[in-house]
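*Asks:* how would this look folded up:
(chains A and B)
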2 protein chains.
Amino acid sequence: MDATNLRIPGPTPLPPAVLRAMQRAMIPHRGSEFRAFFRGLLEQVRQVHRTEGDVIILPGSGSAGWEAAIVNTLSPGDTVLAVVTGDFGVRFARVAERFGLRVERVEVPWGRAATADVVRAALERHPETRAVLYTYNETSTGVANPLAEVGPVVRAHGALLLVDGVSAVAGLPLEMDGWGVDLVLSGSQKAWMCPPGLVIIAAGPRVWESYERASFPRFFWDLGDARRAAAEGNTPTTAPLTLLYALKAACDLIEAEGLEAVYARHRRIGDLTRRRVQEIGYRLFADPAYASDTVTAAVPPEGVAVRDVVARMRQEHGITIADGQGPIKDRIIRIGHMGWVHEPEIERTLAALDAVTNSLAAK
Amino acid sequence: MDATNLRIPGPTPLPPAVLRAMQRAMIPHRGSEFRAFFRGLLEQVRQVHRTEGDVIILPGSGSAGWEAAIVNTLSPGDTVLAVVTGDFGVRFARVAERFGLRVERVEVPWGRAATADVVRAALERHPETRAVLYTYNETSTGVANPLAEVGPVVRAHGALLLVDGVSAVAGLPLEMDGWGVDLVLSGSQKAWMCPPGLVIIAAGPRVWESYERASFPRFFWDLGDARRAAAEGNTPTTAPLTLLYALKAACDLIEAEGLEAVYARHRRIGDLTRRRVQEIGYRLFADPAYASDTVTAAVPPEGVAVRDVVARMRQEHGITIADGQGPIKDRIIRIGHMGWVHEPEIERTLAALDAVTNSLAAK
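*Replies:* This is a model prediction of the structure:
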């Protein structure tokens, strides 16, 4: 099967250079060769975030990033504003609840974006908010929330802005320092074009101020330990070498293409996907003004079942797309188009979707 | 460079089949193909532990296993007995302190083993002990602690036995249920013959009883969540696919060779290494009665500096061995011989050590 036929919103297909990088032999993770390698990698990852802050890379996944963001900046009983625009927003909020935070949820209907006005009003209702949990790209609804506008609003209030960038970073424009974002977490298996297994966290100066006061016990996710180790090119615990090799290869690809060109490609393919799915008869699930360039969620034409579309894409075309999550599981299909994606494979996916949908609609 | 010339006690060289396995394409980690794969893998890993208990595999490292063992079975203020026989025992104890446990340390001189008598006496001094933290194989000293004897002692007391098996599991005999061990944690990069990036935890029924009472907040390391997901062939968070593919390939190798044959090979190579280093003029750092079959720690002959041995092994023979850790950094060399290791490469290492040591001693 063609690996590029995996068109779910993560894990995403791996470029050949990333696969090759994982054939590299093990090296001592406490030696000088590793330190030089890791310093270089951290710098490349930092540049993708457009930040002067620190970058932490640990074994994990996006979920680990939620936990790390919370236990390093907050204390039990602190109030956080959890901005919920879909299933991943719900999960981020639940992690905060598990850790005993006072969680105020701001919910917008799924498919809509959490705008600066929404966040501003919520902060006015909850001035005691210590941190805002915000999802940049809501993978479950195909909405890219307007982080660029929300950043300054949260900064003006004084709360920390902790951002789930899982299906965004390296695919959607990000100006971490420019927008006033304090922390961004992401997972290697999305626009980073790597296998799952790494959590990537960028943290600005206000995170470190909060870190000093945060009272949760912490060890594996202690970002201060990781920061101190990183300053010497080390990791606080055993470095996940193979995945770091993969991430280095992916960063090299991003650099070679150019970050702006990477974003432009995602925009172009996002536009193409949205235009074609609508031509085929689908309705965009996301508010078109905030539709994501990394994942498209779409409601099939009347009489066409999500389950059938997904099954026949797989059976008849060898292409894997996703259904919805949570309460909208059977309402939408989702097509991932982040990371290593170009016109030919997305055209192939859309042609298959056209054939499958027409065939199902004709029944 | 020959990848088998990495002779530190982890990460260890990767067999070709493990490297090949990591070329497999990404699949949906929530699909039926993954579930069938993961169920099979969990069963293979369970057999290596010789347990009827549960196996949990998460992104992480051995250090993550320390945290998971603690937060899932204990509550702040509980007393634990930390059996310290070297640097990794120190670290396990420190993690317990970070989480606010009352840590009673039982220390034996580095190079010696913590016997059943030592543990029994400590438990008599601290009857309130809820859990014993024990290192099966102390990587920093080359001592294999007598877990088989200690298990029944701890079980008789009633405390949980939480075992760091990082440089032991899949290399040294383990009878988790037979010996009365409640939890064993290990990392993929040691005798498992995989890249670093996974923590592997086996947990018996007494862990789940303690889990119900343990009051630490937890999310990513919540073993109950992982257990519920595993029952359906799922992972609680995004599965680190590539490393799981690698672990499957390694388990297949272990099965093909046979677990007893794997242990016999480690014993044979451990014997060979200890005999030869002594012939070359080194003194075993570990009490010979408890010398480890996965790592040998040895004190160079008078006038030969550890630093010089390590440097010249690398420069003149392309072979990487380790120095010591912590207070014995400059006192010992360490040779790793776990996982994918056979006579030819260890003979090559020992021949190089002979040449380097003679040359240094002649100065």
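*Asks:* low-confidence ranges in chain A?
*Replies:* When residues are selected by pLDDT under 70, those of chain A lie in A:1.
*Asks:* domains for it, by residue range?
*Replies:* As given by automatic domain parsing, the domain ranges for chain A are A:3-11+A:259-361, A:16-256.
*Asks:* Check the gap between A:Leu183 and A:Val207 for me.
*Replies:* When distance is defined by Cβ to Cβ, to the nearest Å, A:Leu183 is 5 Å away from A:Val207. C-beta: built from backbone N, CA, C; applies to glycine.
*Asks:* Please say which of those two ends up with more neighbours.
*Replies:* Neighbour totals were compared for A:Leu183 and A:Val207, and A:Leu183 leads with 29 against 24 (other Cβ atoms under 10 Å in any protein chain shown).
*Asks:* hang on, isn't that one packed against A:Leu162?
*Replies:* Yes: here A:Leu183 reaches A:Leu162: they are 4.8 Å apart, a contact under Cβ atoms under 8 Å.
*Asks:* thinking again about what came up before, need the overlap of contacts for A:Leu183 and A:Val207.
*Replies:* Both A:Leu183 and A:Val207 are in contact with A:73, A:160, where contact means Cβ atoms under 8 Å, 6 or more residues apart in numbering or on different chains.
*Asks:* For the domains of chain A, state which one has the densest average packing.
*Replies:* Among those, domain A:16-256 has the highest mean neighbour count (mean count of other Cβ atoms under 10 Å in any protein chain shown), at a mean of 22.
*Asks:* Now do the end-to-end distance for that one.
*Replies:* The first and final residues of domain A:16-256 sit 15 Å from each other (Cα to Cα, to the nearest Å).
*Asks:* in its sheet, what does whichever strand or helix holds A:Arg105 sit against?
*Replies:* Element membership of A:Arg105, judged by DSSP states H and E, is strand A:102-107. Sheet partners assigned to strand A:102-107 using DSSP bridges are listed as strand A:79-84 (parallel).
*Asks:* how distant is whichever helix or strand comes after the partner strand from the center of its chain?
*Replies:* Using DSSP H and E, the helix or strand that follows strand A:79-84 in sequence is helix A:87-98. Helix A:87-98 sits 15 Å away from the centroid of its parent chain (Cα atoms, centre = their mean, to the nearest Å).
*Asks:* what angle separates helix A:87-98 from strand A:102-107?
*Replies:* Note on geometry: by axes from the mean of the first three to the mean of the last three Cα atoms, to 10 degrees, helix A:87-98 and strand A:102-107 are set 170 degrees apart in direction.
*Asks:* and A:Ser167, what is it in contact with?
*Replies:* Per Cβ under 8 Å, 6+ apart, neighbours of A:Ser167: A:9-10, A:137, A:139, A:190-191, A:292, A:294-295, A:338.
*Asks:* for A:Asp271, that is, sorry about that
*Replies:* A:Asp293.
*Asks:* so it is in which element?
*Replies:* Assigning secondary structure by DSSP H and E places A:Asp271 in helix A:259-280.
*Asks:* Pull the CA coordinates from that helix and hand them back as PDB.
*Replies:* Output in PDB follows, covering the C-alpha atoms of helix A:259-280 (Å, rounded to 0.1, in the frame of the first residue of the first chain):
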ATOM      1  CA  LEU A 259       8.900  27.700   6.600                       C
ATOM      2  CA  GLU A 260       6.800  30.200   4.600                       C
ATOM      3  CA  ALA A 261       6.700  27.800   1.700                       C
ATOM      4  CA  VAL A 262       5.600  25.000   4.000                       C
ATOM      5  CA  TYR A 263       2.800  27.200   5.200                       C
ATOM      6  CA  ALA A 264       1.900  28.200   1.700                       C
ATOM      7  CA  ARG A 265       1.700  24.500   0.600                       C
ATOM      8  CA  HIS A 266      -0.600  23.700   3.500                       C
ATOM      9  CA  ARG A 267      -2.800  26.700   2.600                       C
ATOM     10  CA  ARG A 268      -2.900  25.700  -1.100                       C
ATOM     11  CA  ILE A 269      -3.800  22.100  -0.200                       C
ATOM     12  CA  GLY A 270      -6.300  23.200   2.400                       C
ATOM     13  CA  ASP A 271      -8.000  25.400  -0.200                       C
ATOM     14  CA  LEU A 272      -8.000  22.600  -2.800                       C
ATOM     15  CA  THR A 273      -9.500  20.100  -0.400                       C
ATOM     16  CA  ARG A 274     -12.200  22.400   0.800                       C
ATOM     17  CA  ARG A 275     -13.200  23.400  -2.800                       C
ATOM     18  CA  ARG A 276     -13.300  19.800  -4.000                       C
ATOM     19  CA  VAL A 277     -15.200  18.300  -1.100                       C
ATOM     20  CA  GLN A 278     -17.900  20.900  -1.600                       C
ATOM     21  CA  GLU A 279     -18.000  20.200  -5.400                       C
ATOM     22  CA  ILE A 280     -18.500  16.600  -4.500                       C
END
